[in-house]
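Engineer: Sequence unavailable; structure follows:
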């Protein structure tokens, strides 16, 4: 058990999502942003490659959408945006 898992267990924290999210997952390859890395993360320095993703988080009484950009070499988030709408606006800020 990891230290994080032990802490979560000791504090009695339980993940709870009240209803299933209806976010559609695309099975098509992106026409505007292809996967150039293809999970080959052998980057030599910071700011050569940035990776992004969008996820959703239950926040009290509604879903929030979080878009994050990470520098995989430094393993740090270099930018993020959050919205209560699932449109693409948060990915282009």
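Structural biologist: Perfect, I can see it now. Computed from a prediction, not measured in an experiment: that's the story for all the values here.
Engineer: The nearest residue to residue 73 once chain neighbours are set aside and residue 37: what is the separation?
Structural biologist: Distances taken as Cβ to Cβ, 6 or more residues apart in numbering place residue 43 nearest to residue 73, at 4.3 Å, with adjacent residues excluded. Backbone N, C-alpha and C define where each C-beta goes, glycine included. Distance, residue 43 to residue 37, by Cβ to Cβ, to the nearest Å: 9 Å.
Engineer: Looking only at neighbour counts, state which of these two leads.
Structural biologist: Taking neighbours as other Cβ atoms under 10 Å, residue 43 and residue 37 compare with residue 43 leading, 15 against 12.
Engineer: what about the residue nearest to residue 73, which SS state?
Structural biologist: coil (DSSP: H, G, I helix; E, B strand; the rest coil).
Engineer: If I look at it, what pLDDT would I see?
Structural biologist: Listed pLDDT for residue 43 reads 89.
Engineer: Then the one 3 residues further on?
Structural biologist: Model confidence at residue 46, expressed as pLDDT, equals 93.
Engineer: List the contacts of it.
Structural biologist: Under the criterion of Cβ atoms under 8 Å, 6 or more residues apart in numbering, the neighbours of residue 46 are 71, 73-74.
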